[in-house]
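Trainee: Pasting the sequence and the predicted coordinates here, then a few questions.
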Amino acid sequence: MTSADPTPTGDPTTSADPTTFTDPTPTEGGGRRPPRRRFLAAAGAAASAALAGCGGVVPETAPDDDGPNEVTVENATDSAVEVAVRVVDGEGETLFGRVFALEPETIASRDGFEAVPEEVHAFTADGLSRTWRYDPDLPIEFECEPKDVGLTLREDAIEPWYGC
C-alpha cells in the first residue's frame with residue numbers, strides 16, 4: 001500500500017483485477033452472498049450425499065429386477081476361444097443359446113433368461129464341455145431369482161458360478 005492509495009491491497013471488492021472481484025451485495029443479516037458456483041457445488045454435493053445408497057428409493061435409479069438375468073462367460077486361458085452356452089428349462093426348451101467368441105483373459109455377458117432354468121450346457125470346439133443342473137446355493141444377501149449364470153473357462157475345465 002502506498003500513501004497515495006487509500007485502498008488496502010488484497011481487498012477483492014475494490015481491486016482493479018477483475019478475477020478477484022466478489023459481489024459486495026449484502027444479504028440479510030449483513031453478510032455477503034456466496035458466489036453462485038460455490039452455492040451450486042454445495043447444493044450438488046448435498047444432493048449426492050442425500051441420495052447415496054438409495055437406488056431402491058428413487059425409481060429412476062433402482063436396479064432393474066424385472067429384466068432377464070445375465071449369462072457371463074470368462075476366458076481364463078491364454079488363447080482365443082469360442083464357448084457355446086445353452087440354458088434349458090425342465091422340459092428341455094432352450095431359454096438361452098449363444099456362442100461367445102472371447103480373446104484370452106476376457107469376460108463377456110449377455111441378457112439371458114427370465115424363467116428358472118433346469119440345466120446349463122457349455123462346450124468348446126476342442127471338446128471341452130460341462131453340463132450342470134441349475135442349483136445356485138447363494139447366501140441370503142443375493143436376493144434375486146433366477147440367479148445369473150456364469151462360467152469360467154480354464155485350460156482343462158469349465159467352472160460354473162452364480163451371481164445376481
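Mentor: Ah, there it is. Residues are numbered from 1 along each chain as shown.
Trainee: Break this protein down into its domains, please.
Mentor: For the chain, automatic domain parsing gives the domain ranges 1-63, 70-163.
Trainee: need the least confident one among those domains, by mean pLDDT.
Mentor: If you rank these by mean pLDDT, domain 1-63 sits at the bottom with a mean of 51.
Trainee: all strands for the protein, in order.
Mentor: 70-75, 81-88, 94-102, 106-111, 119-124, 129-133, 148-153, 158-163 (DSSP state E).
Trainee: Could you single out the most deeply buried of those?
Mentor: Per residue and on average, the most neighbours among the strands of the chain fall to strand 70-75, with a mean of 22 (mean count of other Cβ atoms under 10 Å). In short, each C-beta sits where N, CA and C put it, glycine included.
Trainee: Parallel or antiparallel, list what pairs with that one.
Mentor: Partner strands and pairing direction for strand 70-75 (DSSP bridges) are strand 106-111 (antiparallel), strand 148-153 (parallel).
Trainee: How about residues contacting the last one?
Mentor: Okay, so that is strand 148-153. Residues from elsewhere that reach strand 148-153 (Cβ atoms under 8 Å, 6 or more residues apart in numbering): 69-77, 81, 83, 85, 87, 102, 112, 117, 120, 122, 124, 128, 130, 134, 158-164.
Trainee: run the last query once more with 6 Å
Mentor: The contact list for strand 148-153, computed with Cβ atoms under 6 Å, 6 or more residues apart in numbering, reads 69-76, 83, 120, 122, 158-161, 163.
Trainee: Stretch 98-113 now?
Mentor: For stretch 98-113, the external contacting residues (Cβ under 6 Å, 6+ apart) are 68-75, 78-85, 87, 95-96.
Trainee: try 10 Å
Mentor: 67-89, 94-96, 122-125, 134, 146, 148-153 (Cβ atoms under 10 Å, 6 or more residues apart in numbering).
Trainee: start to end distance for that stretch?
Mentor: Terminal residues of stretch 98-113 are spaced 12 Å apart (Cα to Cα, to the nearest Å).
Trainee: Before I go, just wanted to say thanks for your time.
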